[in-house]
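Colleague: Model the structure of this input:
(chains A, B, C and D)
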Number of protein chains: 2
Amino acid sequence: MESGDLKKAGLKVTLPRMKVLEILETSNQRHMSAEEVYRALLESGSEVGLATVYRVLTQFESAGLVSRHNFEGGQSVFELQTGHHHDHMVCVKCGRVEEFTNEAIESEQRKIAEEAGHKLVEHSLVLYIECKDCQKS
Amino acid sequence: MESGDLKKAGLKVTLPRMKVLEILETSNQRHMSAEEVYRALLESGSEVGLATVYRVLTQFESAGLVSRHNFEGGQSVFELQTGHHHDHMVCVKCGRVEEFTNEAIESEQRKIAEEAGHKLVEHSLVLYIECKDCQKS
DNA sequence: ATGATGATGAGAAAGCTTCTCATTAATATA
DNA sequence: TATATTAATGAGAAGCTTTCTCATCATCAT
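Modeller: You can find the predicted model right below:
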């Protein structure tokens, strides 16, 4: 991803926006809170305000560059949009996040909404798990 | 539901707790935020503090008397536990909430976690819809 | 290079929820 | 039934995440 993507999204190419994008791309965490992005920016030597991080992440969300998830715990987490839709498993002990897709569930959801007479706009599915590593210890 | 249920849950039977329970039972909204419970209490003439409402709802949750949901919008909503598990559809326009159950999705979820080597602890599934009434207008 | 426009940073402020602590109420005991 | 013990309550302060405000600064088109 590069500055062209920002332009395409109708966003002016600015330093803070490129830095945030860079953090999201290079971090080894795919899912980061605004605070985590902010701290990563500081550690990488970029002076970006927290308010700007929130603003930029929200704009990226509107532009479809990132998606926001509200897992339990009060903080929103953001991840780079990969193109393909997926849902998440979150470990209740260590916080680790895994992604999965399941077409059977997807189509079942559409069916449920439809049969009730409603139009499915989006959905949020999170499986809270005890991950295999946490089960050992 | 009555005072016995509080005792069974290991909770001392107090006036605020009974009042909150009463609101949850008699309100025509099955899903209420703490703030809404609080206002309903005031309107019914009960002087209960907002902090107490939060405390009591959290205790009820631990006791399994109510369940808490974090729909989009920042506010938690609470509902009386009915015994049978269900998921929710929330209208993005009017906020209306409907419940549904779907065994196919449930078993698929267990399978997904299991196949990844994890233990499913709980899950959160919310379908955001445009409800049939909001589609008309 | 310059001007117009939009973005940024810092701190204030908002919104929801939890905490603190002095006061009050509820249970167990006599 | 009165009393002592223990827990619950209320009010406000405080915490946490997120958004807002506004003066300053950077970006893009000319």
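
Colleague: Name the surrounding residues that touch the biggest strand by length in chain A.
Modeller: When chain A is parsed with DSSP state E, its longest strand is strand A:119-130. Strand A:119-130 is contacted from outside by A:69-72, A:87-93, A:100, A:105, A:109-110, A:113-114, B:72, B:92, B:109, B:112-113, B:118-130, B:135, using Cβ atoms under 8 Å, 6 or more residues apart in numbering or on different chains. (Each C-beta comes from the backbone N, C-alpha and C, glycine too.)

Colleague: What subset of the residues you listed is buried?
Modeller: A:69-71, A:87-92, A:100, A:105, A:109, A:113, B:92, B:109, B:112-113, B:118-120, B:123-130 (16 or more other Cβ atoms under 10 Å in any protein chain shown).

Colleague: The nearest residue to residue A:94 once chain neighbours are set aside: helix or strand, and which one exactly?
Modeller: Spatial nearest neighbour of residue A:94, chain neighbours left out: residue A:134 (5.5 Å); criterion: Cβ to Cβ, 6 or more residues apart in numbering or on different chains. Assigned by DSSP states H and E, residue A:134 belongs to helix A:132-136.

Colleague: got it, and residue A:90?
Modeller: Assignment of secondary structure by DSSP H and E places residue A:90 within strand A:87-91.

Colleague: Any residue of that strand touching chain B?
Modeller: Yes - interface with chain B: strand A:87-91 contributes A:89, A:91 (Cβ under 8 Å from any Cβ of the partner chain).

Colleague: Can you name the next helix or strand after that strand?
Modeller: strand A:97-100.

Colleague: would you put the C-alpha positions of that next one in CSV?
Modeller: Presented in CSV, the C-alpha positions along strand A:97-100 are these (Å, rounded to 0.1, in the frame of the first residue of the first chain):
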residue,chain,number,x,y,z
VAL,A,97,-6.6,-12.8,17.5
GLU,A,98,-7.2,-15.3,14.7
GLU,A,99,-9.3,-14.9,11.6
PHE,A,100,-11.6,-17.3,9.9
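
Colleague: re the thing from before, avg pLDDT for the strand holding residue A:90?
Modeller: The pLDDT scores in strand A:87-91 average 97.

Colleague: now it, how far from the chain's geometric center?
Modeller: 12 Å (Cα atoms, centre = their mean, to the nearest Å).

Colleague: Up against chain B, what does chain A have?
Modeller: Near chain B, when you scan chain A using Cβ under 8 Å from any Cβ, you find A:70, A:72, A:89, A:91-92, A:98, A:100, A:102, A:104-105, A:108-109, A:112-113, A:116-132, A:135.

Colleague: Give me the spatial nearest neighbour of residue A:36, chain neighbours excluded.
Modeller: Residue A:36's closest residue in space is residue A:29 (Cβ to Cβ, 6+ apart), at 7.1 Å.
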